[in-house]
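J.: predicted model, plus sequence, below.
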Amino acid sequence: MSIVAQLRQWLFRFGRDEQLPIILTQRRIFIVPTRTGLLFSGVLCVMLLGAINYDLSLGHALVFLLAGLGLVSMVHTFRNLVSLRLTPGRTEPVFAGEIARFQVLLENNHRQPRRALDLAFGQHEKVSLDIAVGGHASIAIPCPAPNRGRLDPGRITLSTCYPLGLFHAWSYPHPPLSCLVYPQPIETPLPPPSAVAQTGQRYGDNGQEDFTGLRLRQPNDSPRHIAWKAVARDIDNRPLLIKQFAGGATEELWLDLSLTPAGSMLETQLSLLAGWVLAAERSQARYGLRLPGRQLAPNQGSAHRDACLEALALYGQH
């Protein structure tokens, strides 16, 4: 392990910041000269040597004026971060391969505005913002989500070079942020539903139930359920419709891991199930989910969809 890695491990040996809000104190802020700052210092040294060599009093005054300006810039760069308050927000789940956006609230209780603040997770994309005096701002920090499961983005890099770009100040707060990453859905036809003897909605037309309406045809629907009379009125422009009835037998759709192609990788099977969950929800079917060691009873609605996707995202993970 390199010296830099050992130093970094020692500096950030503590875990997440459990105490909220996170306040950036002096001990949590680091500051170093930028390349522009180092060049600025080198130019001042050359100017000072020239002033000494030619005994130029105005040259000495200019050098010390610029040096004082650089020192004042260092103080302002440091003060642009100190006493900032960070509070983690709610992060919406995403599918694998998408970009998760973690919400963070920043509060400025200082008497000066905070300018040109940059936030990022590691080397990922930066986002910038300003905060007015006594104000607050909410910002979404992007982080790639390549794999399903629970995503921990790690420490936030909060940095600034304001006001002159001569110094770079930064801090590494680690708020308790996490995001649920669903399997990347693969769109395939739904498996056939199974009929159960209970009162409810049926996707058929045996004539003994009450007609309740029409819906768009799904790939798994039988052709004998199509409302041909309704389609015939405008056969060129009207999509195929399925008749729905109330009463009699209800069709329930079970999405089972065993229904996926045998021999496929687990991630592919879970992606197929995720695609089925989305398709079943779009078709307004009652569907359940069966996984080894877990079963979700048939239901419908956004809450049920999210519960099924969460079960798929966390399957096999501890």
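T.: That came in fine, so what should we check first? Residues are numbered from 1 along each chain as shown.
J.: so this structure: which segments form each domain?
T.: 13-181, 194-314 (automatic domain parsing).
J.: beta partners of the residue nearest the centre of the chain?
T.: By Cα atoms, centre = their mean, the chain has its centre lying nearest to Ala100, at 1.8 Å. Listed by DSSP bridges, the beta-bridge partners for Ala100 are Cys143.
J.: so who does it touch?
T.: Ala100 is in contact with 91, 94, 142-145, 151, 153, 179, 181, counting by Cβ atoms under 8 Å, 6 or more residues apart in numbering. Backbone N, C-alpha and C define where each C-beta goes, glycine included.
J.: ok, now with 7 Å
T.: Applying Cβ atoms under 7 Å, 6 or more residues apart in numbering to Ala100 gives the contacts 91, 94, 143, 145, 151, 179.
J.: for the domains of the chain, which one sits closest to Glu187?
T.: When the domains of the chain are compared by Cβ to Cβ, domain 194-314 sits nearest Glu187, at 4.8 Å.
J.: pLDDT (mean, whole number) over the closest one?
T.: In this model, domain 194-314 carries a mean pLDDT of 77.
J.: coming back round to it: which of the contacts of Ala100 lies closest to Gly70?
T.: For the contacts of Ala100, the nearest to Gly70 is Cys143 (35.3 Å; Cβ to Cβ).
J.: could you list the low-confidence segments of the stretch 51-200 of the chain?
T.: For the stretch 51-200 of the chain, applying pLDDT under 70 flags the ranges 194-200.
J.: now with 80, please.
T.: 193-200 (pLDDT under 80).
J.: Ala140 and Gln103 touch, don't they?
T.: Yes - the pair Ala140 and Gln103 passes the contact test of Cβ atoms under 7 Å, sitting 5.6 Å apart.
J.: now distance to Thr188 too, for the domains of the chain, in TSV please.
T.: Formatted as TSV, these follow (distance: least, Cβ to Cβ, whole Å):
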stretch	distance to Thr188
domain 13-181	16
domain 194-314	6
